[in-house]
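need a structure here:
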Amino acid sequence: MLEIQHLTKRYPSGTLALDDISFSVPDGQFLVIIGLSGSGKSTLLRCINRLIEPTVHRSTVMTNVLAGRLGYANPLLSTLGVFSEADKQRAMASLQRVGIADKAAVRADTLSGGQQQRVGIARALMQEPKLLLADEPVASLDPAISHSVMKYIQQLNRQDNVTVLCSLHFLDLARAYGHRIIALKAGRIVFDGLPKDIDEKRFKEIYGEEAVEVNIR
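Numbers count the residues shown, from 1 in each chain. Coordinates of the predicted model:
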């Protein structure tokens, strides 16, 4: 599905964010990228994506989700906010899959953080993706609802065979959902393997000697 070869990213300030990164991702894999803040996780995903997607908070949930079809819709009509009935039905089905169909007519900026993340997942569903990049999808959420959002991403991976690259802060979540984990430190890969192979020694190598593992329940 994806192959990265010798990827390096240096910012104008001179900071080396990624240092000769190489890896491949098989079709259908749920790959989690972990590491401390500043390790290069977000930079890696942005280099793969090469796009910054704006969030239209003032629009309704339905309009947000329909934005996922912009690449398929008539450019003139979509600019005017006019979408086909088939796209509207698809959008409603996507909202039903993530459990917020009742919020279709509500403005997105009135939703909770977890609900807004589910709108983003529904929007991604509209694109019928083969690859999903999720940059810290639960970073701003309460731990109590982190699993609910991660389970919808897992559902895309399992039921739709969507390949997932997901960066996460918490190793506990990475172990729960990832088929494989890549750990970054100072822009370099320091671990690439199965979640079960990250023992306490590996954890300290990735996060530092003073780090303490936090469990998300």
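
What's the mean pLDDT across the host helix or strand of residue 47?
Following DSSP states H and E, one finds residue 47 within helix 41-49. In this model, helix 41-49 carries a mean pLDDT of 87.

Residue 160 versus residue 130, what's the distance?
Residue 130 sits 9 Å away from residue 160, going by Cβ to Cβ, to the nearest Å. Where you see a C-beta, it was placed from the backbone N, CA and C, and this is true even at glycine.

Tell me the helix or strand right after the helix holding residue 47.
Once helix 41-49 ends, the next helix or strand along the chain (criterion: DSSP H and E) is helix 61-66.

can I assume residue 37 sits in a strand?
No. Read with DSSP: H, G, I helix; E, B strand; the rest coil, residue 37 is coil and lies in no strand.

Could you pull up the residues touching it?
By Cβ atoms under 8 Å, 6 or more residues apart in numbering, the contact set of residue 37 is residue 169.

Ok, residue 151 next?
The contact partners of residue 151, taken as Cβ under 8 Å, 6+ apart, number zero.

Also residue 204?
Residue 204 touches residue 211, counting by Cβ under 8 Å, 6+ apart.

Could you check the pLDDT of it?
Note for residue 204: predicted pLDDT of 90.

Remind me which helix or strand it belongs to.
Assigning secondary structure by DSSP H and E places residue 204 in helix 200-207.

Alpha carbons of that helix, in CSV - could you do that?
Extracted as CSV, the C-alpha positions of helix 200-207 are listed here (Å, rounded to 0.1, in the frame of the first residue of the first chain):
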residue,chain,number,x,y,z
GLU,A,200,9.8,-2.1,29.8
LYS,A,201,13.3,-1.8,28.4
ARG,A,202,12.1,-0.9,24.9
PHE,A,203,9.6,1.6,26.5
LYS,A,204,12.4,3.4,28.3
GLU,A,205,14.5,3.5,25.1
ILE,A,206,11.6,5.1,23.2
TYR,A,207,10.2,7.5,25.9
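
Remind me what the helix holding residue 47 packs against, helices and strands.
Contacts defined by 3 or more Cβ pairs under 8 Å, 6 or more residues apart in numbering; DSSP states H and E place helix 41-49 against strand 2-10, strand 16-25, strand 30-34, strand 131-135, strand 163-167.

Poorly predicted segments of this structure, please.
Along the chain, segments meeting pLDDT under 70 span 50-55, 57-58, 69-82, 216-217.

Find the centremost residue of it, please.
Centroid-nearest residue in the chain, with Cα atoms, centre = their mean: residue 134, separated by 1.0 Å.

If you tally nearby residues, what's the number for the nearest residue to that one once chain neighbours are set aside?
Of all residues not flanking residue 134 in the chain, residue 166 sits nearest, at 4.2 Å (Cβ to Cβ, 6 or more residues apart in numbering). Residue 166 sits with 26 neighbouring residues when counted by other Cβ atoms under 10 Å.

which parts of the lengthiest helix in the chain are buried?
For the chain, the helix with the greatest residue count under DSSP state H is helix 143-160. Buried residues in helix 143-160, counted by 16 or more other Cβ atoms under 10 Å: 145, 146, 147, 149, 150, 152, 153, 154, 156, 157.
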